[in-house]
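Student: Requesting a structural model of the entry that follows:
(chains A and B)
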Number of protein chains: 2
Amino acid sequence: MSEPLASADVVLDAIATTRAIRRYRPDPIPDADLARIMFAASRAPSGSNRQGFRFVVLRDGPAAIEAKAVLGEAFRGGWNAKRTGDGYDSGSGAADDSPKARTARAMQHFVDNFEATPVVVLVCMLRKRGHITDGGSVYPACQNLLLAARALGYGGVMTMWHLTVENRLREILAIPDAVEVMATIPLGRPQGSHGPVRRRPLTELVFDDRWDGEAAWAVEPAGTRHTSAGPPGSGRPR
Amino acid sequence: MSEPLASADVVLDAIATTRAIRRYRPDPIPDADLARIMFAASRAPSGSNRQGFRFVVLRDGPAAIEAKAVLGEAFRGGWNAKRTGDGYDSGSGAADDSPKARTARAMQHFVDNFEATPVVVLVCMLRKRGHITDGGSVYPACQNLLLAARALGYGGVMTMWHLTVENRLREILAIPDAVEVMATIPLGRPQGSHGPVRRRPLTELVFDDRWDGEAAWAVEPAGTRHTSAGPPGSGRPR
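Tutor: Alright, predicted model coming up:
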């Protein structure tokens, strides 16, 4: 374990090409693949290795169908509010081929078809302390889950749109009061092709020796593309 | 991107063998490797791709040396409190070869040598909302960072022991008040060999269709080893 992996590039490439996937083919995820994805999720670190993460996997069972319908409503409501609030249809969004308009179409398709998502994972957490760092014991598992899915040819996206229907989900799925729902991750085989992950230039995100300290060594791979406008209300230069 | 990676196993193995590393060789991390690790971190998702994560990388600069000294004190204080509070020296911990005693020795070595850690990354977050899901935009990046480090032959651990000295760190590193320090990640080349990641049996962590629903399909790889006693105060069967 103290030597680099012979195929370090494979791991780094998987990380660099894992992006939010919101259009899925209807194919179910076979049990064996789902087991590998969930196993990877459970290998994540947590405070004192307490493993307070729990994963409720929704597929085609009776509770899952009911929960997906409730989530579908929540996702459509969430997206409608964001579409308006963040001005997806105004400014550059008025042009059909703008990045904003493309994002809006993908989001609309995502929420309109939510119930058909092959797998939805509710990521839960025991022992909430109410501290801003609580998620440190849960979200690493979410990222493992998404990376493992990507490696196996699936895709997903971490969302928080369950928040408006949390109480109904607790009832349907018998989630105890003391347990927090921390994320909702839809998963499936991607439909169509997908662009690369884009972020800000690395030296805007990484500082050397102190806040805002220039990290001249933080060189990106050749050909890295950056976020430009980004979604409305974000992505502006700091 | 819609096909499985030919080398999916490599990615899944990297995930399954990335564990907390707390003993480092003194070798620095070359700039090029550090750049790849931080690039991987920055590929993580965040809410609306806002990329509110910022990474302050502490190496041998003047502010870094001062910050590491302050963190070293905090880590020693944190570990001393935990050692006593969690009873690391009592019960099975009294036996030199018990898992508790081994963990205690590793932790003591870790905190005693903190200042010599080659790289310490403070993971920060802009735009705190004070919601329990805030970490969803930061901790996936921490996991990417740890996985990339592992792939390149380094190791680290996500810690929260900066919390007791946060104000002093802000002063030394000029971190703005509005920015939250979400994690401290020491990194280096592992010293010695390291055991496998252990967790609870997968079916204790993964539920099918509803809370506590048995996920018979959640089969682990052959030979998977589980946490038994775990650290004091945790790891008990639910």
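Student: Could you tell me which strand of chain A is the longest one?
Tutor: strand A:180-188 (DSSP state E).
Student: for the helix or strand following that strand, packing partners?
Tutor: Using DSSP states H and E, the helix or strand that follows strand A:180-188 in sequence is helix A:202-205. Under the contact criterion of 3 or more C-beta pairs under 8 Å, 6 or more residues apart in numbering or on different chains; DSSP states H and E, helix A:202-205 touches helix B:31-42, strand B:53-58. Every C-beta, even on glycine, is put in place using the N, C-alpha and C of the backbone.
Student: Can you report how many residues neighbour residue A:24?
Tutor: 22 (other C-beta atoms under 10 Å in any protein chain shown).
Student: If we ignore the residues flanking it in sequence, what's nearest it?
Tutor: residue A:188 (2.8 Å; C-beta to C-beta, 6 or more residues apart in numbering or on different chains).
Student: tally of neighbours for that neighbour?
Tutor: So residue A:188, with other C-beta under 10 Å, has 23 neighbours.
Student: Settle this for me: residue A:145 is touching residue A:43, isn't it.
Tutor: No - using C-beta atoms under 8 Å, residue A:145 is not in contact with residue A:43, being 10.1 Å away.
Student: ok, these two, which is more surrounded?
Tutor: Between residue A:145 and residue A:43, counted using other C-beta under 10 Å, residue A:145 has the larger neighbour count: 28 against 22.
Student: element containing the more buried one, please.
Tutor: In this structure, residue A:145 sits in helix A:139-151 according to DSSP H and E.
Student: Could you identify the helix or strand that succeeds that helix?
Tutor: Moving toward the C-terminus from helix A:139-151, the next element (DSSP H and E) is strand A:155-156.
Student: Tell me if the next helix or strand after that following strand is near chain B.
Tutor: In the C-terminal direction, the helix or strand that comes right after strand A:155-156 (DSSP H and E) is helix A:166-173. Yes - residues of helix A:166-173 contacting chain B under C-beta under 8 Å from any C-beta of the partner chain: A:172, A:173.
Student: Give me the three-state assignment for residue A:51.
Tutor: coil (DSSP: H, G, I helix; E, B strand; the rest coil).
Student: ditto for residue A:123
Tutor: strand.
Student: Spatially nearest residue to it (excluding sequence neighbours)?
Tutor: Once flanking residues are discounted, residue A:123 sits nearest to residue A:183: 4.3 Å by C-beta to C-beta, 6+ apart.
Student: thinking again about what came up before, close enough to count as contact, the residue nearest to residue A:24 and residue A:118?
Tutor: Yes - if you go by C-beta under 8 Å, residue A:188 and residue A:118 touch, sitting 4.3 Å apart.
Student: Tell me the residues that contact both of the two, please.
Tutor: Shared contacts of residue A:188 and residue A:118 (C-beta atoms under 8 Å, 6 or more residues apart in numbering or on different chains): A:24, A:26, A:27, A:29.
Student: Pull out the buried members of the residues you listed.
Tutor: Neighbour-count burial (16 or more other C-beta atoms under 10 Å in any protein chain shown) is assigned, among the shared contacts of residue A:188 and residue A:118, to A:24, A:29.
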